[in-house]
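Peer 1: predicted model, plus sequence, below.
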Amino acid sequence: MLYNDKKLSALAVYWTCYGGSGHLKAPDGLLLEAYTRHSHPHFHTNRQIKSIVQGRQNGNVQNINAHYFSTDDGTCDESMRPLTLHGLVDGELPSQDVFRINHYIAQGAPYLAHPSTKKPLNLSPTTAYSLEELDSHDQNEHDDGIRYKFLNQLTLKIEEINARIGVMQPAL
């Protein structure tokens, strides 16, 4: 394992925000196939993290929020840079050479507002995103082709799971 010899309690994994990839209606297929374009690495929301926290550790582990844990040995990113609740030092870019979370926050038409509520159709009433926030996250500057690394294996795994639970595959 990459981090077995490192002294850390939690590993921070940065987001990559995906936009609507130009879709005007919800496309068929997997997210990985349909939503291929994402934000520039400098996009502010790509500094958001989720934490992978080591289990069975001694000491103080506190869940500060949905993204960050405070631990005795600290939270570091994949480059072993320590993070705090406020994230990276200004000017430093997130590192995504080993890990990243593809965050499909803006998926085009499925986020259009219902005329009577002005709320996005597929979000719960307690979701904090406004339509303006969703629009600002609809970033489509890059297509790095990362999907090709995973798409074949993912498709095979889906077929395997469907076969085990008895789901019929559609005829092509």
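Peer 2: Received the coordinates, thanks.
Peer 1: can we go C-alpha only for contacts and neighbour counts from here?
Peer 2: Fine.
Peer 1: quick check, Ala12 in a helix?
Peer 2: No - counting by DSSP: H, G, I helix; E, B strand; the rest coil, one finds Ala12 to be strand, located in no helix.
Peer 1: which residues sit in contact with it?
Peer 2: Ala12 is in contact with Ile49, Lys50, Ser51, Ile52, Tyr68, Thr75, Cys76, Asp77, Glu78, Leu83, counting by CA atoms under 8 Å, 6 or more residues apart in numbering.
Peer 1: try it again at 7 Å.
Peer 2: Ala12 makes contact with Ile49, Lys50, Ser51, Ile52, Thr75, Cys76, Asp77, according to CA atoms under 7 Å, 6 or more residues apart in numbering.
Peer 1: same question for stretch 159-172, mean pLDDT?
Peer 2: Averaged over stretch 159-172, pLDDT sits at 79.
Peer 1: could you do stretch 26-44 as well?
Peer 2: Rounded mean pLDDT across stretch 26-44 is 88.
Peer 1: ends of that stretch, what's the gap?
Peer 2: Distance between the two ends of stretch 26-44: 26 Å, counting by CA to CA, to the nearest Å.
Peer 1: so what pLDDT did the residue lying closest to Leu32 once chain neighbours are set aside get?
Peer 2: Among residues not flanking Leu32 along the chain, Arg147 sits closest, at 5.9 Å (CA to CA, 6 or more residues apart in numbering). Arg147 carries a pLDDT value of 88.
Peer 1: state the distance from Arg147 to Asn46.
Peer 2: 18 Å.
Peer 1: so these two - more neighbours on which side?
Peer 2: Asn46 (23 against 16; other CA atoms under 10 Å).
Peer 1: and the residue lying closest to Tyr18 once chain neighbours are set aside, how many neighbours does it have?
Peer 2: Nearest residue to Tyr18, sequence neighbours excluded (CA to CA, 6+ apart): His38, at 4.0 Å. When neighbours are counted by other CA under 10 Å, His38 registers 25.
Peer 1: next up, the contacts around His38.
Peer 2: Counting by CA under 7 Å, 6+ apart, His38 has contacts Thr16, Cys17, Tyr18, Gly19, Gln139, Asn140, Glu141, His142, Asp143.
Peer 1: tell me the pLDDT of the second one.
Peer 2: Per-residue confidence for Cys17 comes out at a pLDDT of 91.
Peer 1: sounds good, over and out.
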